[in-house]
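In: Sequence plus predicted model, see below.
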Amino acid sequence: MPDLDKPARGRPRTFDKDHVADVAMQAYWEEGPAEVSLNAVCERAGVSKPSVYREFGNDDGVTHAALSHYAETVLVKMHEIVTSDADYRNKIAGIIALSSVDATHDHGCLLVKMRAVRDRMGPRTQELIDRIEAMSRDAFIGLLSDGRDAGDLPEGVSVDLGARYLQAQVGLALDHRARGLDPKPILDLALSVLGVSVR
């Protein structure tokens, strides 16, 4: 019979930061960042709270890692559409499709959810929310500038205001999806303002 007081041999199980970040991302995304405790994240990831604090520093480190993981694995799809070689109308169509029917976004947008409770996030996560939103807005400005150059963006639409409008409407559409509501009316309005008809 083995000696139960004797330490187990072999290497201890290593802590997988990427796994914890992914588990946290999914939990915050599905249930809302204000609804999920760090204890719940630890339980779902099968790790101890001290080990999480050792690797991430604090709760802010976990939410920052989750949002960073979301940007690298989910938001990157939007960036790929906006920076592709497609023309303006096809890029807009791709954004609309990603926002309205892509199964990845059935839970809405984690960035939108974190922004809604921004004051409850730590400083690193707040800074990351602001940085991602600024990068997104810049990408949409580039997209609408291309549309203006191609003569596809209506003359009365400001590139800067149009980019902010598109960013807000995509976020609103994703929020509607998370609530089980139809995002189509929101997106149809956004398309009409931007001079695009996608059917």
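Out: Thanks, I have the structure now. Numbers count the residues shown, from 1 in each chain.

In: rest of the way, CA atoms for contacts and neighbours
Out: OK.

In: Name the residues of the helix or strand containing Tyr165 that are buried.
Out: Here Tyr165 sits within helix 159-178, counting by DSSP states H and E. Of the residues in helix 159-178, 159-160, 162-167, 169-178 count as buried by neighbour count, 16 or more other C-alpha atoms under 10 Å.

In: For that helix, enumerate the helices and strands it packs against.
Out: When contacts are defined as 3 or more C-alpha pairs under 8 Å, 6 or more residues apart in numbering; DSSP states H and E, helix 159-178 packs onto helix 88-100, helix 123-149, helix 184-193.

In: mind redoing it with 10 Å?
Out: helix 17-31, helix 88-100, helix 110-116, helix 123-149, helix 184-193 (3 or more C-alpha pairs under 10 Å, 6 or more residues apart in numbering; DSSP states H and E).

In: Generate JSON lines for those, with mean pLDDT, distance to Ala71 and mean neighbour count as supplementary columns.
Out: Formatted as JSON lines, the helices and strands packed on helix 159-178 follow (pLDDT from 0 to 100; distance: least, C-alpha to C-alpha, whole Å; neighbours: other C-alpha atoms under 10 Å):
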{"stretch": "helix 17-31", "mean pLDDT": "96", "distance to Ala71": "10", "mean neighbour count": "20"}
{"stretch": "helix 88-100", "mean pLDDT": "88", "distance to Ala71": "15", "mean neighbour count": "20"}
{"stretch": "helix 110-116", "mean pLDDT": "94", "distance to Ala71": "8", "mean neighbour count": "20"}
{"stretch": "helix 123-149", "mean pLDDT": "95", "distance to Ala71": "8", "mean neighbour count": "18"}
{"stretch": "helix 184-193", "mean pLDDT": "85", "distance to Ala71": "22", "mean neighbour count": "16"}
